[in-house]
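[1] coords please:
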Amino acid sequence: MILAAIVGLPAALAIWIAILSKWQRGMYMLILFMPFASGLAVYLRPNPAGALLKDFLFVLPIYAVFLLLHMRDFRHTRIPAPITLLFIAFAAIILLQMFNPSLQNVLSGAIGIKVWILYIPLAYLASAWIVRAEDLIKVLRLATAVALVPCAIGLTQFIMSSTVGYEQTMTLFYGNQAAAVTQGFATFQFGADFYRIPSTFSFVSQYSGFVLMMLAVTYMHQSVEPHLGWRLFAKIMTGLVFIACMLSGARANFVFAPVLLLVILFLDAKLTRMAIWLLFGPFIMILTLQTAGLDVFAVADKTGGLVTNYGSDLVIPDLINSLVNYPLGKGVGTNTGAARNIMSAAEIAAMPHPVEGYYAKAIIELGIPGLIVLLLILFSIGAYALGIHRTTKEPMKRSCTAAITGFIIVMAVHSFKGWQIELDPVNVWYWILVGIIFKLPELRFDSVIEARREAEMAKGQQKGRRPQRGRGRSTHTARIRR
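    Presented below is the predicted three-dimensional model:
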């Protein structure tokens, strides 16, 4: 820890100075840091400060600098007033639940507040951050490039687990934390072992959420990128991210990854791209599973059973029990994993049994009023996103609205099962994408379209200048025959 402090304090000071000079730089650094934040927190265990690194290094300094020195940039935000009012109502309910008599641990309540609302302001900052189409392309380039690292490591972990051994591989990457990040080296049987892969994260849910979200980001990137090399890279990354979704160890991604792609393609309505994915998507999925030694029919059968069982045995019962037993809530943080970790055994015993569903969790912590406002927020964001997409005519912009709208819709459905919206790194990226979609209507892609046209013309001219093989020989032969 002394070594970490010696190295970390100067690095933190340099980051804060960079943010102080330009708050937008902090947003870029946050995106660069997110794929490694929770993995670094595992490395720093048992010190709990590791889980707060991204907040103290980036999020809170960005907020402070923006509020104190750059409030004039708030004029660039485009979050609708009704959604802002819903955010305020939601924050009020959360703060009121801090005074719930059932909540005995104030610190766990503070952690609950952080998890629920700390990252919502990123929507406003993202909306102020993206001023031109070129700004969006810079963000997408950075996100796509850095995503290569977790995907490569995740796939490497899966391959090594299949060949070297699961425990040996995870111990090599995570040392004595290997059992914790893999839920006790948990596996599933689909004709072969299907491993829970953490990649650069602290557990499989974070990694699977990251690669699922990156499907939308890389799709946006390949749609708007003017540079031919970057566009090819984005297309390759889309396929790589899809494979990573299949081999992340999260069975839910067998459902949500194809569904997300189908929703995006349906909204974008680009027939050629849709035909390519409908033709090659199932082939890539089947080839990936078979290459990994997994039985495709077993995966399909057990995934179908999983969806049915989750609905009938987990999601619906948890919602009903939460509505019946906790209509007014038990207090913020009472069902939040990080908050429960600092409770005493007696405090945990007095708390409700933890649930997986985001909506059931909202009832337990915030009561029915909190659930209603949360549903109104998610519904309003989805409705506005669909409205923006419906009125967008420019092809590049339309692909972006399709990707973000598809992601928002899938996350709303996913929240019946899990907490992706409050887990790293989706908890940051969800609100960034919300801010971007509200800014998209006023972005102009004229220069991007022109740059892409020039790049394609230059490529065509290069092809035209290349001598065709055999042309000289054919001419010479024709002259001889004449």
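
[2] show me the domain layout of this structure.
    1-76, 80-459 (automatic domain parsing).

[3] how about JSON lines for those, with mean pLDDT and mean neighbour count added?
    No exception for glycine: its C-beta is placed from N, CA and C like everyone else's. Output for the domains of the chain, formatted as JSON lines (pLDDT from 0 to 100; neighbours: other Cβ atoms under 10 Å):
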{"stretch": "domain 1-76", "mean pLDDT": "89", "mean neighbour count": "16"}
{"stretch": "domain 80-459", "mean pLDDT": "92", "mean neighbour count": "19"}
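
[4] how about the helices in the stretch 301-450 of the chain?
    Here the stretch 301-450 of the chain has its helices, by DSSP state H, counting those that start in this stretch, at 316-325, 337-340, 345-349, 358-391, 395-414, 426-439, 446-465.

[5] check the stretch 1-150 of the chain too.
    Going by DSSP H, counting those that start in this stretch, the stretch 1-150 of the chain shows helices at 2-21, 23-43, 53-54, 60-69, 81-96, 106-117, 122-129, 133-163.

[6] packing partners for the longest one?
    For helix 133-163, the helices and strands in contact under the criterion 3 or more Cβ pairs under 8 Å, 6 or more residues apart in numbering; DSSP states H and E are helix 23-43, helix 166-174, strand 193-195, helix 204-224, helix 228-246, helix 446-465.

[7] mind running it again at 7 Å?
    On a contact count with 3 or more Cβ pairs under 7 Å, 6 or more residues apart in numbering; DSSP states H and E, helix 133-163 meets helix 23-43, helix 166-174, helix 204-224, helix 228-246.

[8] and residue 287, which of these is closest to it?
    Ranking the helices and strands packed on helix 133-163 by their distance to residue 287 (criterion: Cβ to Cβ) puts helix 228-246 first, at 9.1 Å.

[9] now that closest one against helix 133-163, angle please.
    Put simply, helix 228-246 runs at 40 degrees to helix 133-163, going by axes from the mean of the first three to the mean of the last three Cα atoms, to 10 degrees.

[10] now the element after helix 228-246, going C-ward?
    Next along the chain after helix 228-246, taking DSSP states H and E as the criterion, comes helix 253-268.

[11] pull the residues that contact that following helix.
    208, 212, 215-216, 219, 242, 245-246, 273-274, 277, 281, 299, 303, 307, 389, 398-399, 402-403, 405-407, 409-410, 414 (Cβ atoms under 7 Å, 6 or more residues apart in numbering).

[12] equivalent analysis for stretch 383-396, please.
    80, 223-224, 267, 398, 401-402, 404-405, 408, 437, 440-441, 445, 448-449.

[13] again, but for stretch 299-318
    190, 251, 254-255, 289, 355-357, 360, 416-417.

[14] let's see that with 10 Å instead.
    With contacts defined as Cβ atoms under 10 Å, 6 or more residues apart in numbering, stretch 299-318 is touched by 188-191, 194, 246, 251-255, 285-286, 289, 295, 353-357, 359-361, 363-364, 416-418.

[15] for the contacts of stretch 383-396, which one is nearest residue 422?
    Within those, proximity to residue 422 (Cβ to Cβ) peaks at residue 408, which comes in at 15.3 Å.

[16] check contacts around residue 321.
    352-353, 355, 360, 363-364 are the contacts of residue 321 under Cβ under 10 Å, 6+ apart.

[17] residue 244 and residue 50, how far apart?
    To residue 50, residue 244 is 24 Å away according to Cβ to Cβ, to the nearest Å.

[18] TSV for the helices of the stretch 301-450 of the chain, including distance to residue 6?
    Converted to TSV, the helices of the stretch 301-450 of the chain look like this (distance: least, Cβ to Cβ, whole Å):
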stretch	distance to residue 6
helix 316-325	46
helix 337-340	27
helix 345-349	36
helix 358-391	39
helix 395-414	40
helix 426-439	28
helix 446-465	45
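
[19] can you tell which of these is closest to residue 66?
    helix 426-439 (12.8 Å).

[20] and the closest one, C-alpha only, in PDB?
    Below are the C-alpha coordinates for helix 426-439, written out as PDB (Å, rounded to 0.1, in the frame of the first residue of the first chain):
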ATOM      1  CA  VAL A 426     -22.300   0.300 -17.700                       C
ATOM      2  CA  ASN A 427     -23.100   2.600 -14.800                       C
ATOM      3  CA  VAL A 428     -20.900   5.300 -16.500                       C
ATOM      4  CA  TRP A 429     -21.500   4.400 -20.100                       C
ATOM      5  CA  TYR A 430     -25.300   4.200 -19.900                       C
ATOM      6  CA  TRP A 431     -25.500   7.900 -18.900                       C
ATOM      7  CA  ILE A 432     -22.900   9.000 -21.300                       C
ATOM      8  CA  LEU A 433     -24.900   7.400 -24.200                       C
ATOM      9  CA  VAL A 434     -28.100   9.000 -22.900                       C
ATOM     10  CA  GLY A 435     -26.400  12.400 -23.000                       C
ATOM     11  CA  ILE A 436     -25.100  11.700 -26.500                       C
ATOM     12  CA  ILE A 437     -28.400  10.800 -28.000                       C
ATOM     13  CA  PHE A 438     -30.000  14.000 -26.800                       C
ATOM     14  CA  LYS A 439     -27.200  15.900 -28.500                       C
END
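
[21] surely residue 148 touches residue 199?
    No: using Cβ atoms under 10 Å, residue 148 is not in contact with residue 199, being 11.6 Å away.

[22] could you tell me which residues touch both of those two?
    residue 35.

[23] can you put the helices and strands packed on helix 133-163 in a markdown table and add distance to residue 120?
    Shown next, in a markdown table, are the helices and strands packed on helix 133-163 (distance: least, Cβ to Cβ, whole Å):
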| stretch | distance to residue 120 |
| --- | --- |
| helix 23-43 | 15 |
| helix 166-174 | 32 |
| helix 204-224 | 17 |
| helix 228-246 | 26 |
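
[24] wait, which of these is closest to residue 371?
    Of the helices and strands packed on helix 133-163, the one closest to residue 371 (Cβ to Cβ) turns out to be helix 204-224, at 21.8 Å.

[25] angle of that closest one against helix 133-163?
    140 degrees.

[26] gap between helix 204-224 and the chain center?
    From the chain centre to the centre of helix 204-224 is a distance of 6 Å (Cα atoms, centre = their mean, to the nearest Å).
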